[in-house]
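A.B. asks: Here is a sequence with its predicted model. Questions after.
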Amino acid sequence: MKKLAGVLFAIFAALSGQCILAQADSTKVVLNRYKKSYWFDLGLGWGGQGGAANIGFSYEMIPGRFISIHYSGVWTNDHCHEAVLFFPIENPLGKSADSFEISYGIIKKRKVSMLTLSAGLSYINAETGEGSGVSTQGIPILYYTNCPDNYNVKNESTVGLALRVQFIPAIRWAGIGISPYLNINPKYAFGSVTINVALGRVKPRS
């Protein structure tokens with residue numbers, strides 16, 4: 001009886017070992033078949049007090065997780081003007097900002113689209129063009145301005161939290177979609193919505 005039990009135990013152990021090895025091999029095959037995504041993206045749209053733009057690179061480090069670096073900018077559409085010997089100079093009236101950021105996020109891939117959500121640290125340079133009072137008309141022919149007498153531009157730097165979503169209908173190597181963005185910081189919090197083009201190994205076949 002003891003011999004029979006020993007034989008049965010040995011057979012069970014061998015079968016269990018084979019199952020574990022088979023599961024490990026199948027997991028290894030699945031991981032080997034998975035191809036990571038990477039892409040460049042460029043976007044133009046609306047944000048802040050006028051237009052917005054962004055450019056960046058993203059890389060999927062592990063399945064479903066990615067890291068990205070981006071530049072994001074917004075600018076004002078309101079300006080005053082100067083002209084020196086008929087050469088025009090455009091000066092902003094309002095707020096603009098440039099942001100450089102590194103983010104970490106999650107990526108969800110569907111059959112014909114990709115969705116990403118990310119958050120990260122950003123360095124922001126905010127510019128404010130302002131002034132009040134009557135503008136000085138200048139000297140005929142030599143100089144003209146319609147900017148306020150006390151017009152000035154102030155620059156401030158700070159750090160903030162960058163939040164970005166990308167929804168990109170895509171094929172293997174390219175896609176085009178929409179990207180809402182929000183930057184929270186103590187100097188000039190701003191947001192944007194851009195239309196983005198993505199190029200790279202966006203949705204590789206596994």
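C.D. replies: Everything's here; your move. Numbers count the residues shown, from 1 in each chain.
A.B. asks: quick one: low-confidence parts of this structure?
C.D. replies: 1-32, 134, 136-137, 141, 205-206 (pLDDT under 70).
A.B. asks: ranges for the strands of it?
C.D. replies: Along the chain, counting by DSSP state E, strands occupy 38-47, 50-62, 65-76, 79-84, 87-92, 94-109, 113-130, 138-139, 143-145, 152-169, 174-184, 190-201.
A.B. asks: how about those in CSV, adding mean neighbour count?
C.D. replies: Where you see a C-beta, it was placed from the backbone N, CA and C, and this is true even at glycine. As requested, the strands of the chain are arranged in CSV below (neighbours: other Cβ atoms under 10 Å):
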stretch, mean neighbour count
strand 38-47, 19
strand 50-62, 17
strand 65-76, 19
strand 79-84, 15
strand 87-92, 12
strand 94-109, 18
strand 113-130, 18
strand 138-139, 12
strand 143-145, 17
strand 152-169, 17
strand 174-184, 18
strand 190-201, 19
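A.B. asks: tell me which residues form a beta bridge with the closest residue to residue 101 other than its chain neighbours?
C.D. replies: Excluding the flanking residues, the one nearest residue 101 by Cβ to Cβ, 6 or more residues apart in numbering is residue 122, at 3.6 Å. Per DSSP bridges, the residues bridged to residue 122 are residue 101, residue 160.
A.B. asks: And residue 122, how close does it get to residue 100?
C.D. replies: Separation of residue 122 from residue 100 (Cβ to Cβ, to the nearest Å): 7 Å.
A.B. asks: ok, now residue 153?
C.D. replies: In terms of Cβ to Cβ, residue 153 sits 20 Å off from residue 100.
A.B. asks: With residue 114 instead?
C.D. replies: 24 Å.
A.B. asks: Repeat that for residue 130.
C.D. replies: From residue 130 to residue 100 the distance is 25 Å (Cβ to Cβ).
A.B. asks: Kindly report the same for residue 73.
C.D. replies: 10 Å.
A.B. asks: cool, and residue 58?
C.D. replies: Residue 58 is 15 Å from residue 100, by Cβ to Cβ.
A.B. asks: And residue 108, by the same measure?
C.D. replies: The value you get for residue 108 to residue 100, if Cβ to Cβ is used, is 26 Å.
A.B. asks: Likewise for residue 42?
C.D. replies: 16 Å.
A.B. asks: next one: residue 163
C.D. replies: 15 Å.
A.B. asks: Please apply the same query to residue 40.
C.D. replies: On the measure of Cβ to Cβ, residue 40 and residue 100 end up 16 Å apart.
A.B. asks: Repeat that for residue 198.
C.D. replies: 20 Å.
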